[in-house]
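[1] how does the following fold in three dimensions:
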Amino acid sequence: MHIDTLKSVALDALEELKARDIAQLDVAGLTDVADIMLIASGTSTRHVAALAQNVVERAKAAGLAPRGVEGGDNADWVLVDLSDVIVHIMLPEARALYDLERLWADLPSDTGLRELSETDEQASMS
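    This next block holds a predicted model:
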């Protein structure tokens with residue numbers, strides 16, 4: 001499934017059940033695990049679980065079986081792995097504590113890592 005379509009399915013599922021503060025992170029240059037991370041807040045553990053379940057159901061209806069779901073009905077953070085798109089649904093307190101947006105923004109890009117390693121290789125060859 002095309003990444004934009006997958007992202008739209010997940011966003012629609014989150015918006016349908018009134019997820020709050022939805023953020024999209026392009027992490028393609030930072031990790032091989034996924035290309036997009038969606039982060040959203042729920043108002044209670046029940047809301048977080050319902051949002052995650054809706055993402056799973058909408059993905060299945062679109063023909064994609066999620067790779068996995070971590071967290072549960074009473075969790076303050078549920079992760080839905082849709083392969084190229086990973087969805088984090090959290091209570092506001094957990095979201096503030098883990099601050100995934102800042103964590104991923106602070107990582108060096110893949111390009112920067114490659115440039116550094118190439119510079120190191122050139123220096124060692126001299």
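[2] show me the strands in the protein, by range?
    20-26, 36-41, 68-70, 77-81, 85-90 (DSSP state E).
[3] can you name the residues that contact V55?
    V55 makes contact with 10, 13-14, 66, 80, 82, 87, 89, according to CB atoms under 8 Å, 6 or more residues apart in numbering. The way it works is simple: take the backbone N, C-alpha and C, and place the C-beta from them, glycine included.
[4] identify the farthest-apart pair in those.
    Distance extremes for the contacts of V55: the farthest pair is L14 and P66 at 14.2 Å, using CB to CB.
[5] which one of those two has more residues nearby?
    Neighbour totals were compared for L14 and P66, and L14 leads with 24 against 18 (other CB atoms under 10 Å).
[6] now the more buried one: closest residue in space, sequence neighbours ignored.
    For L14, ignoring the flanking residues on the chain, the nearest one in space by CB to CB, 6 or more residues apart in numbering is A40 at 5.0 Å.
[7] so which of the strands of the chain comes closest to A52?
    Taking the strands of the chain one by one with CB to CB, strand 77-81 is closest: 4.0 Å.
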